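>>> The following block contains a protein sequence and its predicted model.
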Amino acid sequence: MSAYFPFIVIGIFTGSIYGLAAMGLVLTYKTTGVFNFAYGAVAMICAFVYWQMHDAWHWSAWIALPLLLLVVAPLVGYIFEALFRPLAGLSAEVPIVVSIAMIALFTAIVVIVWNGGQARGLQPVIPRSSFHLAGHLFVGYDQLGTFVIACLAGGALWWLLRHTRFGTATRAVVDNRDLASIIGINGDNVRRTSWILSTVFGGLVGVLLSPDLVLDTNQLFLVVLGAFAPAVIARLTSLPWAFGSALVIGVIQSIPHKWSSSGLTANIESTAPFIILFITLIVLGNQLKESGMAVRSVSASQASDGLEADEVAHAERARRSTLIGVALFVFCIFLPNIVAGPKVGILTVGIIFAIVGVTLVVLTGWAGQISLAQFSFVGVGAYIVGHLAGHNGSNFLGAALLGMAVAVPLGIIVGLPSLRLKGLYLALATLAFALIMDGVVFNDVRISGGISGIIAPRPRIFGVSFASTTAMYELCLGVLGAVLLAALLLRRGPIGRRLLILRDSPLAAQMLGVNLTITKLGAFVASGVIAALAGALFGSAEQALNPMNFQFSVSLTAVLLVVLGGRSVLSGAIIGAVTYMVGYLGLLPIPTAAHNYIQLGVALGVIGLGRNPEGTFAISQAEARRSMSILKPRPRRARVAALDVRVRSHGPAMEAHSGV
């Protein structure tokens, strides 16, 4: 046991960081019903602000740290409270999407303000010298200080909630919001205070973590995600359970380091919190209930009314959308003749992105099943093609089919939590799956080739070579057309109606005889299979593959862009792909710095449109109708005179009916 003692001690120090973050997550969820997916981004931006004050401007830590925790972090908390207050009572996917948009917003701000968000060192708040504890174990004062700070902060928060008027008000707001308002408790003030305290904890996490990690936009955010597991183990309600389970997870994560510091062991060590999160969600299942403040229930009658209205609206625009789609498809066929050669490769990647976007529309927009792991399936298809397509791509078709076949069991694994979970917890399950794939599968040098990556060949199908960039573009465009047509037929058929009923009300779906198990798993499997097909195309189009292509952050980008375009309409996938090509891939000749502002605009757009399932599509349609109504010719005088005669003959009732 003594051999494991140093790793247990290190694990406790690591777990204390997770504990700080987990308590912040629990606090906001208990009082507001919002799980802050952007908590890592809060830690990130607070750490960058502290770096600016302390390292760049050379302010004393005694000035910079209080300013951060008493001014900057509370301001961030106030912004979060103001942003999420109007979302109370909406379905769980809305605050999830908005909090993901906040990740993109803070990342864009850091990139714009701090020179691309390049990694930089941050001086530690606590000295990094060490002292002798026992045997050959040396403990750093920064490690011990982190543990002490976490314990003191957690104890102070627990005392605040247990023995103060604020704690009593918090419990009243959580238990019964209406009763709390009757007895004079201002719920908005309670929730605002909770957000502020939570972001103070987040800022503290960022400052304590950054000296060890090096201040980096991605690394800091991903490490803080490890706090999701202890928060869920505590069922997002208990601060002591959150802190205690965080210490245990820290120890579990550190022990494998005794056996090996590289290879599969190291990958499992880095992803241990996400493996524990996924297992916890599977085991607890139905015991995990979302806060009533964050979920609006939908009755069967409401679901049927909404479905009927959706069907009518869909029928009205189906023919027009089909005609526009065919015209755009024909235009895209000739697009390589217009666009410069190197840009055709960007168009190809955009088309593949649109295919992935269609899977998100079907899965999230129609079936109501949130997925944050679509690019994990893309990676599966890409790497299988990279390894098995052959030197000249002659085995591409077989490799692509194998990738799609492998996506079936993976789709079932991702879909299994949906049988017992929904909304927030389903999103957390798909997040955990994506991070496990990143850490264990795509980080394996034997699969991904590591940083250097692997090379995938261009396809040769039935003797036809697609080696040229234009030929690859045409192949991907044909696949996109087939996927869009299949999705359109699916939406118009009985399966599409089942998906919509499942989205609006699972209870109503059961009453109507819909098999929820088959429908949910089928939606996850089908979307995973098509995403793997898109991955096979992506591998051959890009040829040079590395793990960065399929990171969890790319899945988040896909979700944001599809939400911006419209997550319940196929055109949302197209709009998202176009935005991706322009804002992320550099399709248009605009300054590189402008791309950062486009990404900032995407984040702000999603925050504004998060509650609208049709996104920019609905807005553009409404504006088009308004413009057309203005441009309509005035009625002829004869018609006006005839109408006037009718109004006079039928009296006030006719006047009210005609609207004149």
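Yep, it's here.

>>> how far is stretch 395-405 from where the chain is centred?
What separates the centre of stretch 395-405 from the centre of its chain is 28 Å, taken as CA atoms, centre = their mean, to the nearest Å.

>>> Distance of the residue lying closest to G496 once chain neighbours are set aside relative to I518?
Once flanking residues are discounted, G496 sits nearest to L490: 5.2 Å by CB to CB, 6 or more residues apart in numbering. C-beta here means a position set from N, CA and C on the backbone, and glycine is covered the same way. Applying CB to CB, to the nearest Å, the value for L490 to I518 is 15 Å.

>>> Over to V361?
Distance from V361 to I518, by CB to CB: 20 Å.

>>> more neighbours, L490 and I518?
L490 (15 against 10; other CB atoms under 10 Å).

>>> The more buried one is in contact with R497, isn't it?
No - look at L490 against R497 with CB atoms under 8 Å: they stay out of range, at 10.1 Å.

>>> Now the most centrally placed residue in the chain. Nearest residue, chain neighbours left out?
By CA atoms, centre = their mean, the chain has its centre lying nearest to L556, at 4.0 Å. Distances taken as CB to CB, 6+ apart place I100 nearest to L556, at 5.6 Å, with adjacent residues excluded.

>>> what about the strands in the stretch 451-600 of the chain?
454-455, 460-461, 464-465, 544-545 (DSSP state E, counting those that start in this stretch).

>>> which of the ones you listed sits most buried?
Using mean count of other CB atoms under 10 Å, the stretch among the strands of the stretch 451-600 of the chain with the greatest mean number of neighbours is strand 544-545 (a mean of 18).

>>> Would you mind pulling up the elements that it packs against?
helix 374-388, strand 454-455 (3 or more CB pairs under 8 Å, 6 or more residues apart in numbering; DSSP states H and E).

>>> Against which helices or strands is the first one packed?
It refers to helix 374-388. helix 341-360, helix 396-415, helix 423-436, helix 445-448, strand 454-455, helix 516-542, strand 544-545, helix 552-565.

>>> Buried ones in the first one, by neighbour count?
Residues 343-360 are the ones in helix 341-360 that count as buried (16 or more other CB atoms under 10 Å).

>>> cool, and the fourth one?
Of the residues in helix 445-448, those buried by neighbour count under the rule 16+ other CB under 10 Å are 447-448.

>>> one step back: want to throw the strands of the stretch 451-600 of the chain into a markdown table with mean pLDDT?
Output for the strands of the stretch 451-600 of the chain, formatted as a markdown table (pLDDT from 0 to 100):
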| stretch | mean pLDDT |
| --- | --- |
| strand 454-455 | 90 |
| strand 460-461 | 91 |
| strand 464-465 | 90 |
| strand 544-545 | 90 |
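
>>> Dump these to TSV, plus distance to C46.
Below are the strands of the stretch 451-600 of the chain laid out as TSV (distance: least, CB to CB, whole Å):
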stretch	distance to C46
strand 454-455	38
strand 460-461	52
strand 464-465	53
strand 544-545	35
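
>>> Which one, of the ones you listed, ends up nearest to G565?
Each of these was scored for nearness to G565 using CB to CB, and the closest is strand 544-545 (26.6 Å).

>>> Just the buried positions in the helix or strand hosting V606, please.
Here V606 sits within helix 592-609, counting by DSSP states H and E. Residues of helix 592-609 classed as buried by neighbour count (16+ other CB under 10 Å): 595-596, 598-600, 602-603, 605-607, 609.

>>> and the angle from that helix to helix 552-565?
60 degrees (axes from the mean of the first three to the mean of the last three CA atoms, to 10 degrees).

>>> helices or strands up against helix 592-609?
helix 93-113, helix 552-565, helix 570-583, helix 615-631.

>>> what does stretch 329-345 contact?
Outside stretch 329-345, the residues within contact range by CB atoms under 8 Å, 6 or more residues apart in numbering are 347, 469-470, 473-474, 477, 481, 541, 587.

>>> Show me what the mean pLDDT comes to for that stretch.
Stretch 329-345 shows a mean pLDDT of 84.

>>> Okay, now it: how far is its last residue from its first?
From the first residue to the last, stretch 329-345 extends over 17 Å; the measure is CA to CA, to the nearest Å.

>>> buried set for it?
332, 336, 343-345.

>>> Reformat the residues you listed into CSV and put distance to S452 next to each item.
Output for these, formatted as CSV (distance: CB to CB, whole Å):
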residue, distance to S452
C332, 34
P336, 31
K343, 27
V344, 26
G345, 21
